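Novice: Quick one: sequence plus predicted model below, questions after.
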Amino acid sequence: MASISGAFSPSSTLLRPRRHQSVVFSAFPFRRLRPPQSIADLSRSSSPSYPSSSTNNSLKPGSVCPVEKDPKKLWDRYVDWLYQHKELGLFLDVSRIGFTDEFLEKMEPKMQKAFQAMKELEKGAIANPDEKRMVGHYWLRSPHLSPNTYLKDQIEKTLDRICEFAEAIISAKIKPPSSPAGRFTQILSVGIGGSSLGPQFVAEALAPDNPPLKIRFIDNTDPAGIDHQIAQLGPELASTLVIVISKSGGTPETRNGLLEVQKAFREAGLNFSKQGVAITQENSLLDNTARIEGWLARFPMFDWVGGRTSEMSAVGLLPAALQGIDIREMLVGAALMDEATRSTVVRENPAALLSMCWYWASDGVGSKDMVVLPYKDSLLLFSRYLQQLVMESLGKEFDLDGNRVNQGLTVYGNKGSTDQHAYIQQLREGVHNFFVTFIEVLRDRPPGHDWELEPGVTCGDYLFGMLHGTRSALYANDRESITVTVQEVTPRSVGAMVALYERAVGIYAALININAYHQPGVEAGKKAAGEVLALQKRVLAVLNEASCKEPVEPLTLDEIADRCHAPEEIEMIYKIIQHMAANDRALIAEGSCGSPRSVKVFLGECNVDEMYA
Ligand SMILES: O=P(O)(O)OC[C@H]1O[C@H](O)[C@H](O)[C@@H](O)[C@@H]1O
């Protein structure tokens with residue numbers, strides 16, 4: 001994880017005193033076939049063969065892969081391959097993925113190699129060679145499996161501290177200093193990527209209707225988005241616990257969110273440090289800031305836990321516990337799933353089944369996208385969570401041997417049946433570049449609340465019908481799918497699903513021989529963003545110098561670029577000027593933005609001090 005340099009505190013602002021607000025840019029020019037009669041009809045309605053995509057997967061036999069359509073044989077396949085985890089109440093159906101016996105046989109040695117790699121990883125091998133790190137998220141729910149007692153104690157101690165702290169906040173043993181409510185009522189979580197997606201998913205999935213503390217998120221450096229969250233809190237800012245989450249402790253978006261929130265606290269006359277909590281690695285910029293400023297609490301992020309697999313660390317557990325979610329149950333669910341997914345028998349290991357299906361469906365090269373469709377509103381954010389877990393882990397340019405492979409597996413989806421009214425049309429009939437994962441929840445509502453909205457049929461029956469209708473309709477058109485079924489959305493089942501996908505990603509990464517635990521590609525965008533901001537500072541310095549002349553010297557974009565010694569950056573300079581002009585910065589641009597060569601720029605105010613700085 002990259003970090004930004006400098007103190008985790010406000011830097012000198014780029015905003016200048018304004019003489020004129022006048023920005024004189026002229027107006028910016030930027031300025032269905034017959035419906036089938038029944039589900040059985042659907043299953044019979046289309047061609048018996050399945051044209052495979054153009055692939056380089058030599059394990060797929062031939063160019064045509066038959067997908068079983070005979071209802072009797074399909075039922076046999078369903079029964080034959082159905083996986084059930086009794087204690088977790090979880091089923092996995094892979095019968096609608098067309099893998100063949102020949103494929104399984106050819107995959108077996110690769111699968112065994114992957115199991116071995118996972119075993120070594122769990123024992124503490126440096127499974128992330130680029131960053132020379134161990135990969136230990138599995139220890140978080142089974143501390144006794146940690147490679148040494150120091151790590152075991154760290155995990156256990158942190159978990160106890162999380163539970164104690166959450167209890168003290170909820171019971172108002174720890175109170176905000178100046179809230180009329182006399183207790184914390186809100187959580188504002190500031191973090192991005194793996195430091196936000198898990199907590200967002202779990203909050204949506206598991207928070208009770210009336211949680212002890214309600215949670216909201218700042219997960220971007222969009223000032224309007226931040227303003228919106230703070231405005232929504234209103235006077236409740238006084239009873240808001242701000243949890244700043246960043247493994248590296250230096251992610252710019254998170255730093256900016258913190259600075260914006262701290263400003264809101266100052267303006268409301270509140271003492272941020274009495275309401276701030278940091279979750280980060282020891283001695284990170286954020287950790288040091290929190291320590292020096294005397295924040296309410298600090299919780300550790302461990303070096304050997306990656307952001308996208310941090311849901312069972314303080315990152316996910318603290319916000320969950322504060323919302324009244326049973327985090328020990330989440331951990332039990334994950335630990336039970338971990339146990340099941342250590343099996344080296346493919347058909348008895350749900351994560352192995354998943355990864356094997358991904359390999360089949362996407363030819364081991366990501367040739368098809370994974371559409372994740374939970375038929376349950378509370379699981380809406382599962383696909384978003386999986387997007388990072390899967391795509392940041394598997395989307396790699398090079399394999400572990402340094403070969404260019406450009407691997408990955410695209411994940412998208414929201415929820416059913418909602419998405420049936422949006423893009424399922426294309427899935428059924430359009431470009432065949434995906435496979436689906438349905439997430440089915442058997443329990444519609446808590447017991448005692450159901451009613452029949454027409455004779456013999458409940459609202460939940462409709463949802464059930466939509467799921468299975470879509471599954472059948474897609475399959476009838478040769479669109480493959482996996483179905484994960486859970487009894488209910490509970491802390492235990494959510495913990496199990498997180499663990500299931502974490503392991504499936506790990507196994508799949510081993511199958512395709514890539515490092516799933518680094519993210520070198522993310523750094524390029526961060527570095528380029530830093531360069532844009534550095535260029536903006538140079539542009540401002542050049543404009544300042546020209547604006548201090550008597551008379552003021554308006555500059556063309558070419559002149560600015562030359563004086564910045566960056567003629568190749570002229571387009572970026574144009575975008576910088578455009579952005580500043582749109583935001584009432586002390587900058588005067590004449591001409592038409594539609595004709596960039598006509599634009600002349602100067603500053604509304606000359607800053608002599610800065611010229612000699
Ligand atoms: O937790 P942080 O260090 O702030 O990182 C937040 C996110 O930043 C990055 O861009 C990484 O690619 C993600 O894996 C990470 O989750």
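Specialist: Ah, there it is.
Novice: Just give me the neighbour total for T221.
Specialist: By other C-beta atoms under 10 Å, 18 other residues sit near T221. Placement of C-beta: from N, CA and C, glycine included.
Novice: can you give me the mean pLDDT across the longest helix that the chain contains?
Specialist: The longest helix of the chain (DSSP state H) is helix 520-547. Helix 520-547 shows an average pLDDT of 92 in the prediction.
Novice: gap between the closest residue to the ligand within the stretch 401-550 of the chain and A528?
Specialist: Per C-beta to the nearest ligand atom, V522 is where the stretch 401-550 of the chain lies closest to the ligand, at 3.7 Å. Noted for V522: a distance of 11 Å to A528, by C-beta to C-beta, to the nearest Å.
Novice: Could you do S196 as well?
Specialist: S196 is 22 Å from A528, where distance means C-beta to C-beta.
Novice: Equivalent analysis for Q275, please.
Specialist: Applying C-beta to C-beta to Q275 and A528 gives a distance of 35 Å.
Novice: about what we covered before: tell me which of S196 and A528 has more neighbours.
Specialist: Between S196 and A528, S196 has the larger neighbour count (other C-beta under 10 Å), namely 25 against 10.
Novice: is it true that the more buried one touches I215?
Specialist: No - assessed by C-beta atoms under 8 Å, S196 is found out of contact with I215, at 10.8 Å.
Novice: How far does stretch 193-210 stretch from one end to the other?
Specialist: From its first residue to its last, stretch 193-210 covers 27 Å (C-alpha to C-alpha, to the nearest Å).
Novice: Show the average pLDDT along that stretch.
Specialist: 98.
Novice: Could you do stretch 170-178 as well?
Specialist: Mean per-residue pLDDT for stretch 170-178: 97.
Novice: And that stretch, end to end?
Specialist: Rule used - C-alpha to C-alpha; the end-to-end distance of stretch 170-178 is 17 Å.
Novice: so when I look at I482, I'm seeing a strand, right?
Specialist: Yes - residue state for I482 (DSSP: H, G, I helix; E, B strand; the rest coil) corresponds to a strand.
Novice: Tell me the pLDDT of it.
Specialist: Listed pLDDT for I482 reads 98.
Novice: Tell me how many other residues surround it.
Specialist: A total of 23 residues lie near I482 under the criterion other C-beta under 10 Å.
Novice: For it, which non-adjacent residue is closest in space?
Specialist: Leaving aside its chain neighbours, I482 sits nearest to T437 (4.7 Å; criterion: C-beta to C-beta, 6 or more residues apart in numbering).
Novice: which stretches of this protein aren't confidently modelled?
Specialist: Where the chain drops to pLDDT under 70, the residues are 1-66, 610-613.
Novice: repeat that for 80
Specialist: When residues are selected by pLDDT under 80, those of the chain lie in 1-67, 586, 593, 607-613.
Novice: In contact with the residue nearest to A297 when sequence neighbours are not counted, which residues are there?
Specialist: Setting aside the residues directly before and after it, A297 is nearest to V277 in space (C-beta to C-beta, 6+ apart), at 4.7 Å. Contacts for V277 (C-beta atoms under 8 Å, 6 or more residues apart in numbering) come out as 241-244, 290, 295-299, 318.
Novice: where's the nearest residue to I424 once chain neighbours are set aside relative to F438, distance?
Specialist: For I424, the nearest residue in space outside its immediate sequence neighbours is T470; the separation is 6.3 Å by C-beta to C-beta, 6+ apart. Per C-beta to C-beta, T470 is found 8 Å from F438.
Novice: anything in contact with each of these two?
Specialist: Residues touching both T470 and F438 (C-beta under 8 Å, 6+ apart) are 373, 416.
Novice: ok so, going back, quick check, the residue nearest to I424 in contact with D419.
Specialist: No - taking contacts as C-beta under 8 Å, T470 lies outside contact range of D419: 9.0 Å.
Novice: Need the residues touching each of those two.
Specialist: Shared contacts of T470 and D419 (C-beta under 8 Å, 6+ apart): L373.
Novice: more crowded one of the two?
Specialist: Between T470 and D419, counted using other C-beta under 10 Å, the more crowded position is T470 (23 against 19).
Novice: tell me which residues in the helix or strand containing that one are buried?
Specialist: Per DSSP states H and E, T470 falls inside helix 459-476. Neighbour-count burial for helix 459-476 flags 460, 463-464, 466-467, 469-476 (criterion: 16 or more other C-beta atoms under 10 Å).
Novice: Would you check that V601 makes contact with E553?
Specialist: No - with contact defined as C-beta under 8 Å, V601 and E553 do not form a contacting pair (10.3 Å).
Novice: Which elements pack onto the helix or strand that the longest helix of the chain is followed by?
Specialist: Downstream of helix 520-547, the first helix or strand assigned by DSSP H and E is strand 555-556. Helices and strands touching strand 555-556, by 3 or more C-beta pairs under 8 Å, 6 or more residues apart in numbering; DSSP states H and E, are helix 520-547, strand 600-603.
Novice: Now find how far off-centre strand 555-556 is within its chain.
Specialist: The chain centre lies 43 Å from the centre of strand 555-556; the measure is C-alpha atoms, centre = their mean, to the nearest Å.
Novice: could you measure Q281 against the ligand, distance?
Specialist: For Q281, the distance to the ligand equals 8 Å [C-beta to the nearest ligand atom, to the nearest Å].
Novice: typo on my end, it should be W139
Specialist: Distance from W139 to the ligand, counting by C-beta to the nearest ligand atom: 19 Å.
Novice: hey, where'd the helices end up in the stretch 201-350 of the chain?
Specialist: Here the stretch 201-350 of the chain has its helices, by DSSP state H, counting those that start in this stretch, at 223-233, 252-267, 285-293, 314-322, 327-340, 350-361.
Novice: Need the winner for burial among the ones you listed.
Specialist: Greatest average neighbour count among the helices of the stretch 201-350 of the chain goes to helix 314-322 (a mean of 28), per mean count of other C-beta atoms under 10 Å.
Novice: Outside of it itself, list whatever touches it.
Specialist: Contacts for helix 314-322 (C-beta under 8 Å, 6+ apart): 158-159, 162-163, 165-166, 169-170, 187, 189, 191, 194-195, 198-199, 202-203, 206, 212-213, 215, 241, 243, 245, 247, 277, 279, 299-301, 307, 310, 327, 330-331, 491.
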